[in-house]
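Colleague: What follows is a predicted structure for the sequence shown.
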Amino acid sequence: MKVKERMQHRGVLLLALLTLLALTSAVAKKKDKVKKGGPGSECAEWTWGPCTPSSKDCGVGFREGTCGAQTQRIRCRVPCNWKKEFGADCKYKFESWGACDGGTGTKARQGTLKKARYNAQCQETIRVTKPCTSKTKAKAKAKKGKGKD
């Protein structure tokens with residue numbers, strides 16, 4: 001009978017420990033939401049600035065937000081392949097690349113704004129260009145790929 005009681009005590013302790021862990025996790029998530037100006041925050045209209053990398057022009061950095069007299073900084077990340085002309089917080093849906101313009105040696109495509117993060121000021125449509133690839137490079141790549149079969 002004592003063995004049965006010990007097993008019950010262990011079960012109750014295990015259940016209490018799991019409940020405590022779940023509550024701790026829920027409180028931590030709620031604190032994160034409040035910290036970022038989420039639904040639990042006393043301030044509703046946060047204005048967030050751009051993500052400023054800590055070193056160089058990409059990587060981990062901070063974004064500063066203000067709401068009335070309150071100021072907060074949150075961690076953020078600027079991708080290293082972002083286009084500086086339109087910023088890392090403006091997300092666009094791009095068309096396919098157009099044909100190569102022989103006069104300029106570039107090809108272009110247009111993007112339509114899909115999402116503006118952190119109230120960023122974004123253009124509705126943008127146009128980007130890149131140099132045309134030469135046909136000799138394309139042929140050399142094709143030959144490399146065929147030899148590996």
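Modeller: Ah, there it is. Numbering: from 1, shown residues only.
Colleague: Pro79: how many residues sit nearby?
Modeller: Residues near Pro79, counting by other C-beta atoms under 10 Å, number 10. C-betas here are computed from N, CA, C, even on glycine.
Colleague: now do Phe86
Modeller: Other residues lying near Phe86 total 17 when counted by other C-beta under 10 Å.
Colleague: Cys51 too?
Modeller: When neighbours are counted by other C-beta under 10 Å, Cys51 registers 25.
Colleague: so what's it up against?
Modeller: Cys51 makes contact with 61-63, 76-78, 88-89, according to C-beta atoms under 8 Å, 6 or more residues apart in numbering.
Colleague: what's the distance between the residue nearest to it when sequence neighbours are not counted and Gly103?
Modeller: If the residues on either side of it in the chain are set aside, Cys51 comes closest to Cys76, at 3.8 Å by C-beta to C-beta, 6 or more residues apart in numbering. Distance, Cys76 to Gly103, by C-beta to C-beta, to the nearest Å: 41 Å.
Colleague: Likewise for Phe86?
Modeller: Taking C-beta to C-beta as the measure, Phe86 falls 25 Å from Gly103.
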